[in-house]
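Chemist: Mind looking at a prediction? Sequence and model below.
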Amino acid sequence: MIFCKSKEHFLAESKGKQYIYIVQASKETTKCKIGKTNDLERRLKEYNNITGKSKENNYSYLFSCEVKNMAHVENSIKETFSNLREEKSKEIYFFNTPLFKHYVEYIKSHKMFVKEIFIKTEEKKQITKIIKKTTPSLEERGISQKDVLQKAQKINNDEFYTRMEDIVKELPLYNKNIWKNKTVFCNCDDAVDDDDRRTSAFSLYFIQNFLELGLKKLICTHYSGPVDLFNQGTKGYIFTKDGYREFKEYPDGYDGSFEHPRSLKILKEETDIVCTNPPFSRAADYWKLTINSGKKFIIISNITNPITPAFIPYFKENKVWAGYNRIDYFLNPKRELVEAAGHWYTNFPIKNRPKYKHLKFVILKDIPEKYKKYDDTRKLVVDNCFIPSDYKKPFAVSARPILNGLLEKGYKIVQDTQYFPYIKGKKCFGRVLVQKIE
């Protein structure tokens, strides 16, 4: 229970009782002090009167509670969190939001705990509100699936933020055990800052869920490119969260790019899982590097990749497949919604893919005429996710059936190149040729 009392009120009541507290200096946000006292008011004054302390570096309580035996509780804290204490001062502990919650939960669960007196509430942050509306159909928007795919192929603007809601929608769908004791590498301008608004959604997701996922380590890089998406400065850096320790490195000459030798060394020697949103214009290079590394990955890329020449061989050779969800919107540097057709891709197994239901397996003669046609070379072309279950020859499909899991249902891509049907001499939108596996 949190008592809604002012600091002055609880300080006045504190004399003569035993307390455990967590205190922090305003200019030292990466650490805190956990101690005991029988006079909270006096103890806080002592902190703020420390010789040599800057006047701007004021101490304030983050948490305090009454206990039956403060010495006993303090010793328990020292033993339990011994790996989080600074060597030179036994009272100083590493601090971040997850750790603070962990400290408080431990203290409140102690058998000597009596009651909570004060806890600092998180400051309210200004949030740009995005009003959600039901996504209109393509017909309502006056465009076709072909229009969407053509627009996606022309995207050359990499100044996109991935929204947290899209990450939260996708990543929890994977087996939680894939993260246990693993090192995750976010290597495409996944900046980290004390301010969540200046932190990549990927970095923030893994920081906030570090303990729950059972991660061993998180490594994120900031790219010193021409556009500073997160207002982190022009110098590339490497952020590491190793258990409860968090730190940044600024290696000489390091630009934070995914192909920098230092980034490649981390990928090769430390990484278990790569998870990020690489720049769409560099996707071919990024996919080649990541897939050839042999590492597991969950990444975002263009929705047309399954029918794009640079990527078709990866799908054909079963080195990559679609994740669970598509992504229709990103945020630009002004935090405005921008439309860009993306999709999640991975090499983790996808079990019971929900989008299997969109695949329409029927015999050829039952496919409506408007969704099947033969091109000028007599190659069958099917649309709207219809799949001719009794057809044994190669036939052409769009990206959608591949994204919906067709290659997991007994079909294969039969050539590495994109296929362009010509119907009555007119070139149609690119597809891939697939065939039923006998």
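Modeler: Nice, I can see it.

Chemist: Tell me how far residue 176 lies from residue 244.
Modeler: 21 Å (CB to CB, to the nearest Å). For the C-beta atoms, the positions are set from N, CA and C on the backbone; glycine is no exception.

Chemist: Compare these two (neighbour count), which wins?
Modeler: Taking other CB atoms under 10 Å, residue 176 and residue 244 do not tie; residue 244 has more neighbours (17 against 11).

Chemist: Kindly state the pLDDT recorded for that one?
Modeler: In this model, residue 244 is scored at 84, pLDDT.

Chemist: what ranges do the strands span in the stretch 101-250 of the chain?
Modeler: Listed in chain order, the strands of the stretch 101-250 of the chain (DSSP state E, counting those that start in this stretch) span 113-119, 183-186, 217-222, 237-242, 245-249.

Chemist: Give the pairing partners of the fourth one; include direction for each.
Modeler: Read that as strand 237-242. Sheet pairing of strand 237-242 (DSSP bridges) gives strand 217-222 (antiparallel), strand 245-249 (antiparallel).

Chemist: again with the second one
Modeler: Strand 183-186 has its sheet partners listed here by DSSP bridges as strand 217-222 (parallel), strand 273-276 (parallel).

Chemist: Kindly report the same for the first one.
Modeler: For strand 113-119, the paired strands and their directions (DSSP bridges) read strand 59-67 (antiparallel).

Chemist: Now the strand it pairs with - C-alpha only, PDB.
Modeler: In PDB, the C-alpha atoms belonging to strand 59-67 read as follows (Å, rounded to 0.1, in the frame of the first residue of the first chain):
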ATOM      1  CA  TYR A  59      19.600  13.900  -2.500                       C
ATOM      2  CA  SER A  60      16.000  12.800  -2.200                       C
ATOM      3  CA  TYR A  61      14.300   9.600  -1.100                       C
ATOM      4  CA  LEU A  62      13.000   7.200  -3.700                       C
ATOM      5  CA  PHE A  63      11.600   4.800  -1.200                       C
ATOM      6  CA  SER A  64      11.400   4.300   2.600                       C
ATOM      7  CA  CYS A  65       9.600   1.800   4.800                       C
ATOM      8  CA  GLU A  66       9.300   1.000   8.500                       C
ATOM      9  CA  VAL A  67      10.800  -2.300   9.600                       C
END
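
Chemist: buried ones in the helix or strand following it?
Modeler: For strand 59-67, the following helix or strand on the C-terminal side (DSSP states H and E) is helix 70-80. Along helix 70-80, these residues count as buried under the neighbour rule (16 or more other CB atoms under 10 Å): 70, 73-74, 76-77.

Chemist: ok, of the residues you listed, which one's closest to residue 97?
Modeler: For the buried residues of helix 70-80, the closest approach to residue 97 (CB to CB) belongs to residue 77, at 18.4 Å.

Chemist: What score does that closest one have for pLDDT?
Modeler: pLDDT at residue 77 comes out at 89.

Chemist: Quick check: closest non-adjacent residue to it.
Modeler: residue 34 (5.7 Å; CB to CB, 6 or more residues apart in numbering).

Chemist: Run a quick neighbour tally on the residue nearest to residue 30 when sequence neighbours are not counted.
Modeler: Using CB to CB, 6+ apart and skipping residues adjacent in sequence, the residue nearest residue 30 is residue 95, 5.9 Å away. Residue neighbour count, defined by other CB under 10 Å, stands at 22 for residue 95.
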